[in-house]
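*Asks:* Give me a 3D structure for the following:
(one chain, ligands or ions: 2)
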Amino acid sequence: MEPHQQIDTICAISTAPGVGGIAVARVSGPEAIAIVSRIWKGRPLEECNSHTVHLGTVLDTQQKPLDQAVATVYRAPRSFTGDDTVEIAIHGSRWIQRELIATLCDAGCRLAEPGEFTRRAFAAGKMDLAEAEAVADMIASTSRAAHRIASGQMRGHYSAHLKALRDKLIDLAALLELELDFSEEEVEFASREKLRQLARELHDEISRLTSSFRSGAAIKDGVPVAIIGPTNAGKSSLLNAIVGDERAIVSSIHGTTRDIIEDTVEIGDYLFRFQDTAGLRQTDDTIERIGIDRSLSAASKAHIVILVVDLSAPLDREPDDLTLPEDTPCIVYLNKTDLVDDAQIAEAVNRTREQHPATTIISGTTHSSETIAELRDALTGIMDRETDSGAGDILVTNARHVQALTQALDSVSRVIRGLDANLSGDFIAQDIRETIHHLATITGDITTPDLLATIFSRFCIGK
Ligand SMILES: Nc1nc2c(ncn2[C@@H]2O[C@H](COP(=O)(O)OP(=O)(O)OP(=O)(O)O)[C@@H](O)[C@H]2O)c(=O)[nH]1
Ligand SMILES: [Mg+2]
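*Replies:* Numbers count the residues shown, from 1 in each chain. Ligands and ions are numbered 1, 2, ... in the order given. Alright, predicted model coming up:
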């Protein structure tokens, strides 16, 4: 944890840049109330209690009235940062905002750096690092699911989970010490078995957290869904129907789409990032070939793949290029049911089920809102199942955390190997300490100024 030593008072506009009905400037630090008082006409703020709101007038750089304003006073330590804080709500003109910040700086403030308010909250012990990072995720959240994960992390669910893991590791270390103490006696065998069991439990839990990153990152940034399949199957028609817009060119000419066309849509709790791709077929055309390579690459990177097949086109096998990624959920969509009879549909469904036993199969036409609704439900269903499996809401969304977890997994694997090989307790204790260390970097119990600078510089100014 950082030492809590605030020397100066900082200020920034905390609302979004630009014009708005109202803008809010935040002033925080030991001199916050004194500095705002210098530019404030109204009830003296020095006399005001914490958590009170006051109407008054703020002055400009020439000590003339700038705007009618509302000031909210928070006294240390009962504020976001832990220091005295005043939030000033003004009319949101760009000029008023600029002038207010200039006046505050003249009166003794310094302009805050990105994320500095949150960094001070962390330094004051108001939140740990994972919770502070969740503040940024919360601000960036674009769907109900992303918001749910971030708000759980902000309220400390994730940190509590990590702390429980650390406590177990400390137990493990304690058991090991016990074993060392009694190494001459019979107690050794029982402890080793217990140690092994505990280490395996920890390994499984850290491994589950590490692999939750695939879903966590997809939810945070928008779930990438690649729409692939042979030319003319109706991929672009499908994209347009799902997003409700003529986003991609549709034509009966094979090879119409040459490049990836992306659009995002919120469906249920999730934001999906759809990618319409160039149709797969044998070709000598250089540009088309590049497009097809991009389609295959999109499919390999996607979180979910929708394979579109034209039922009216004779096709009893998939394009040679296409091998569906094994661990990627796939929906096979049999399109253009309006052009074939029921027996043909049934036969195609059966054949697909044999080829891809684990996939969701949907048949229909891109003109039907029921088909589109069915596809949308299939997509949210896949995400619901992924987020429901495992330990509730706890999904890792942060690349820094997954890196630390991967290292923790490495060290805990060494603990298990050490126990299996009957290594001396000292060696094993070293690996346990390393595992604890890696977990501690996530919550910021162990940290460096460089790391903090990197994390908080990604925040916006005013947060
Ligand atoms: N009858 C019928 N035609 C459809 C359906 N969906 C798409 N089409 C038609 O199929 C043709 C190809 O549609 P596209 O959406 O351009 O196909 P694509 O898969 O994007 O094709 P490429 O970009 O060439 O790979 C167009 O003429 C569409 O109007 C459907 O459900 N029924
Ligand atoms: Mg197309």
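
*Asks:* who touches the residue in the chain that ligand 1 sits nearest to in this structure?
*Replies:* Ligand 1 sits closest to G279 of the chain, with a gap of 2.4 Å, by C-beta to the nearest ligand atom. All C-beta atoms are positioned from the backbone trio N, CA, C, and that covers glycine. By C-beta atoms under 8 Å, 6 or more residues apart in numbering, the residues touching G279 are 229-233, 235, 254-257, 292, 295.

*Asks:* Recalculate using a threshold of 10 Å.
*Replies:* 228-236, 254-258, 288, 291-292, 295, 308, 310, 319 (C-beta atoms under 10 Å, 6 or more residues apart in numbering).

*Asks:* Among those, name the buried ones.
*Replies:* Buried subset of those (neighbour count, 16 or more other C-beta atoms under 10 Å): 228-236, 255-258, 288, 291-292, 295, 308, 310, 319.

*Asks:* Let's test this: what are the backbone torsions at the residue of the chain closest to ligand 1?
*Replies:* With angles defined as degrees, to the nearest 10, G279 sits at phi -60, psi 150.

*Asks:* got it, and S363?
*Replies:* phi -120, psi 150.

*Asks:* In contact with it, which residues are there?
*Replies:* Shown in contact with S363 (C-beta under 10 Å, 6+ apart): 309, 311, 332-337, 340, 345-346, 348-349, 352, 371, 374.

*Asks:* go again using 6 Å as the cut-off
*Replies:* Residues near S363 by C-beta atoms under 6 Å, 6 or more residues apart in numbering: 334, 337, 345.

*Asks:* What of P325?
*Replies:* Shown in contact with P325 (C-beta under 6 Å, 6+ apart): S300.

*Asks:* Give me the phi and psi for it.
*Replies:* Dihedral angles (degrees, to the nearest 10) for P325: phi -60, psi 130.

*Asks:* Use 56 as the first number from now on
*Replies:* Shifting the count to begin at 56 puts that one at P380.

*Asks:* what about Q330, helix or strand, and which?
*Replies:* strand 325-331 (DSSP states H and E).

*Asks:* what packs against that strand?
*Replies:* When contacts are defined as 3 or more C-beta pairs under 6 Å, 6 or more residues apart in numbering; DSSP states H and E, strand 325-331 packs onto strand 278-283, helix 290-298, strand 316-322.

*Asks:* Contacts for stretch 266-285 next, please.
*Replies:* 200-201, 290, 293-294, 319, 325-332, 334-335, 350, 353-354, 357-364, 374, 441, 450-452, 457.

*Asks:* can you narrow those residues to ones near ligand 2?
*Replies:* Applying C-beta under 5 Å from the ion to the contacts of stretch 266-285, one finds that K290 fall near ligand 2.

*Asks:* Can you select the buried ones among the contacts of stretch 266-285 for me in ChimeraX?
*Replies:* Buried residues within the contacts of stretch 266-285, by 16+ other C-beta under 10 Å, are selected in ChimeraX with:
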select :200,201,290,293,294,325,326,327,328,329,330,331,332,334,335,350,353,354,357,358,359,360,361,362,363,364,374,441,450,451,452,457
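
*Asks:* The contacts of G334 in helices, which ones?
*Replies:* 290-291, 343, 346-347, 350 (DSSP state H).

*Asks:* which of these are close to ligand 1?
*Replies:* 290-291 (C-beta under 6 Å from any ligand atom).

*Asks:* Let's have the ones in helices among the contacts of G334 in a markdown table, adding pLDDT.
*Replies:* Output for the ones in helices among the contacts of G334, formatted as a markdown table (pLDDT from 0 to 100):
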| residue | pLDDT |
| --- | --- |
| K290 | 98 |
| S291 | 98 |
| E343 | 94 |
| G346 | 95 |
| I347 | 94 |
| S350 | 95 |
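
*Asks:* now the end-to-end length of stretch 93-104.
*Replies:* Its start and end residues considered, stretch 93-104 measures 18 Å (C-alpha to C-alpha, to the nearest Å).

*Asks:* same check, this time on stretch 92-111
*Replies:* This stretch, stretch 92-111, spans 11 Å end to end (C-alpha to C-alpha).

*Asks:* residues from the protein in reach of ligand 2?
*Replies:* Residues of the chain lying near ligand 2 (C-beta under 5 Å from the ion): 290-291, 311-312.

*Asks:* ok, now with 8 Å
*Replies:* Neighbours of ligand 2 within the chain, by C-beta under 8 Å from the ion: 286-287, 290-292, 294, 303-305, 311-312, 316, 331-334.

*Asks:* Which two of those have the greatest separation?
*Replies:* N287 and I316 (15.9 Å; C-beta to C-beta).

*Asks:* Could you list the low-pLDDT ranges of this protein?
*Replies:* Filtered on pLDDT under 70, the chain yields the residue ranges 56-61, 234-246, 370-378, 444-448.
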